[in-house]
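Chemist: mind looking at a prediction? Sequence and model below.
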Amino acid sequence: MRKSILLSVFLSITVAFGVSAQEVKPEEKKRESGHYDENKFRQMYQEMATPNMFRTASGAPGPAYYQQKADYKMDLELDDKNKKLYGSETITYYNNAPESLEYLWVQLDQNIEKPDSKTPLIENESLNKSISTDGFAKKYIEKPFQGGFNIEYVKDAKGNPMKYTINQTMMRIDLPKPLKNGEKVTFSIKWWYNIVNYMEQANNGRSGYEQFADGNRLYVMAQFYPRMAVYSDVEGWQNMQFWGRGEFALTFGDYEVNITVPADHIMEGTGVIQNKSEVYTAEQMKRWELAQKTFDKPVVIVTQEEATQAEKGFSDKKKTWKFKAQNVRDFGFSTSRKFILDAMAVDLPTNKPLAISIYPKEANPLWGDLSTKAVAHTLKTYSHYTFDYPYPKAVSVSAEDQGMEYPMICWNYGRPDDKGFVSNRVKYGMLGVIIHEVGHNFFPMIVNSDERQWTWMDEGLNTFLEYLTEISFDPNFPVDRGPASKIVPYMKGNQQYLEPIMTNSEGIYNFGANAYGKPATGLNILRETIMGHELFDHAFKTYANRWKFKHPTPEDFFRTMEDASAVDLDWFWRGWFYSTDYTDIGIKDVKQYYVIEQDPKEAQQQFNRRGRKIGDGQSMLKLVLEGSTEFKPELKNGFDASKVQALNDYLTKNYTAEEITALKSPRFFYEVEFDKPGGLIMPIIVELQFEDGTNETQVFPAQIWRKNNATARRVFATEKKVVKIQLDPKLETADIDVANNFWPKAEMESKFDTLEKK
């Protein structure tokens, strides 16, 4: 109680000597029109979907949540000489929706490579007046690549033809009768297509082959089969075409896949190899056994010598690899006679998956030294922040100019140059891609968001965890996304070319910054500055576990982060995700005050002018503004409490001698006004630097802007004289203009000035 009395004294000082409002005569007042609530702290009822029995207001799956299931049995043959893939599949589709379905939609993503694909037609272009000969030939002279699915048939379980209609990259299969809730339907599709050279011809560079000078090829095969589209409570059927950028919405299921390739190939793919003893030598099988028990370094299973020997020939014999995968949303595989393979086990609390790398000799020694170690570290780090990696393995494939992910397998760029030299750019670039693509096993391969609609939900969340993984792998890792300062150049860019994060991927100009960098930075700001590690990590892990093996939406993420942390973040989601506002908080004004003892009669007059009364003869303190007519130069040394009888009397009456020694001793008083030229709300981070060289940082929550979104004021009472005030000293808020972050105003040195000094 005693301390609150002292607080009221200082509060009275502020009220008594604040700037009084100018009186306005009644006849001069003009009634202003009403307005809607545009406060940036208003709740997001208009922006977010209404909760329901499928998806609750807490962000968790509701009691009526459902998702469909699609199981695949496939037989594939890769014709290495003619660069073709032949396949047949049987799909069993389970309808768990409460409503009946009259037809099914299947994705035909390879159709983006058809000669009549509309993907090249949606881009604006202008005539390049200087163009390479091969570029001119490919664009204007040569016959286009004959890619895309060739569908031979679609049949029902009895072998009868089914009616289907192809619309670019989507195929509708009409059902003879509606598929009711709880029913399943089985049908089969047979197809083939020409495999594209993804480095030279592809509209979709995620899949195809890489050609080597020795005549061999390295295949990275994905989107190679007709795949069921997602049917959900949010979108119904996923019906957006695959234009090349927005990736995939996919249904979980079980896979049995037999892949026939030349007998001298080594392969890896989604799932567990069922016939390992048939495709590996006895010696290689022993190495596999050792790898499953080795947790500290990779075991080489297919050696460079074995791969070099294999790539010298071209076997006419065939070999079939058999895979099984449970509860995955897709399937990918990679095959080549050039592959070296190494593996090591990863020790997680509830699982012991294998980290695996396959790569040609051209990737060594870089890949042999680092790839599998990076895979293992990624699985450990992501598991720490989400859930233990549940699949039996994670494979990293060396494929030039690649960076693409599928369940349990991904393609990654980065090799030494022709002389074997590895620059830091290549080394860290390769590590970053491996971490990122392996990380995609968690988002979206398990936490299965709709990439076709919301790229940021997998790329942004994954990039955030990639950043945490990189700096734990190597504290000096040259990260390019994650820290707030990295996104500033994008945030301060031309608004004509900026879009909110909540924009479909096909409508984004700067895809990398918008879908990867900005959401990752936003999550990092939440973790480091707004929520703190403990609250953020718990909420993020809650989201991951609520939605693993399910289909979350943006609202599910936003709501879960608030629900599991008790932090209201509507202001943050609205600004950072739904707008192109930027952070710019500045120091508008600083007033320095000094304390003197005030005559009781003068104090009585001050209060009476405001319609208030105080007891006669009560002693008061007065704050004097530096530079005012009442200011005296000797006050610059600060407030000396021992010389103010009124305060001494108060303390003696209300505190013991022991309590008085523990009280603060403020001598200097600063009223700081902050303004916000930028639209984004952020906490105010203030560093006070004192004349003795020490400093102190105070953080004011974002809610300081809640009643006035444009300006805020704080009073700092300090024991030492402040010589400098700086906002956001560690660049935590992505402030695009730090020139207004200083008092006294600092002269910002340009890069040209810095170079001139050097």
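Modeler: Right, received. Where do you want to start?

Chemist: residues contacting the residue nearest to the spatial centre of the chain?
Modeler: Geometric centre of the chain, nearest residue: Gly460, 2.0 Å, by Cα atoms, centre = their mean. Residues counted as contacts of Gly460 (Cβ atoms under 8 Å, 6 or more residues apart in numbering) are Ile501, Ala515, Tyr516, Lys518, Pro519, Ala520, Gly522, Leu523. No exception for glycine: its C-beta is placed from N, CA and C like everyone else's.

Chemist: any idea how far Pro729 is from it?
Modeler: 27 Å (Cβ to Cβ, to the nearest Å).

Chemist: kindly report the same for Trp411.
Modeler: For Trp411, the distance to Pro729 - Cβ to Cβ - is 42 Å.

Chemist: who has more neighbours out of these two?
Modeler: Counted by other Cβ atoms under 10 Å, Trp411 and Pro729 do not tie: Trp411 has more neighbours, with 28 against 15.

Chemist: counting contacts, what elements does the helix or strand containing the more buried one pack onto?
Modeler: Following DSSP states H and E, one finds Trp411 within strand 409-412. When contacts are defined as 3 or more Cβ pairs under 8 Å, 6 or more residues apart in numbering; DSSP states H and E, strand 409-412 sits against strand 333-336, strand 393-398, strand 403-406, helix 424-439.

Chemist: ranking these by burial, who's on top?
Modeler: Scoring the helices and strands packed on strand 409-412 by mean neighbour count under mean count of other Cβ atoms under 10 Å gives strand 393-398 as the most buried, with a mean of 27.

Chemist: and the angle from that strand to helix 424-439?
Modeler: Orientation check (axes from the mean of the first three to the mean of the last three Cα atoms, to 10 degrees): strand 393-398 against helix 424-439 gives 150 degrees.

Chemist: who touches strand 393-398?
Modeler: Residues contacting strand 393-398 (Cβ under 8 Å, 6+ apart): 218, 220, 268-269, 272, 334, 343, 353-360, 363, 367, 371-372, 374-375, 378-379, 408-412, 414-415, 434, 437-438, 441.

Chemist: what residue ranges in the protein score low on pLDDT?
Modeler: Applying pLDDT under 70 to the chain flags the ranges 1-28, 598-619, 747-758.

Chemist: hey, which strand is longest across it?
Modeler: Longest strand in the chain by number of residues (criterion: DSSP state E): strand 586-598.

Chemist: let's see that one as PDB, backbone CA atoms only.
Modeler: What follows is strand 586-598, C-alpha atoms only, in PDB (Å, rounded to 0.1, in the frame of the first residue of the first chain):
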ATOM      1  CA  GLY A 586      10.300   6.700 -34.800                       C
ATOM      2  CA  ILE A 587      11.100   9.100 -31.900                       C
ATOM      3  CA  LYS A 588       9.100  12.200 -32.600                       C
ATOM      4  CA  ASP A 589      10.000  14.300 -29.500                       C
ATOM      5  CA  VAL A 590      11.800  14.100 -26.200                       C
ATOM      6  CA  LYS A 591      11.100  16.400 -23.300                       C
ATOM      7  CA  GLN A 592      13.500  16.500 -20.300                       C
ATOM      8  CA  TYR A 593      12.000  17.500 -16.900                       C
ATOM      9  CA  TYR A 594      13.600  18.300 -13.600                       C
ATOM     10  CA  VAL A 595      12.000  18.300 -10.100                       C
ATOM     11  CA  ILE A 596      11.700  21.200  -7.700                       C
ATOM     12  CA  GLU A 597       9.600  21.800  -4.600                       C
ATOM     13  CA  GLN A 598       6.500  23.900  -5.300                       C
END
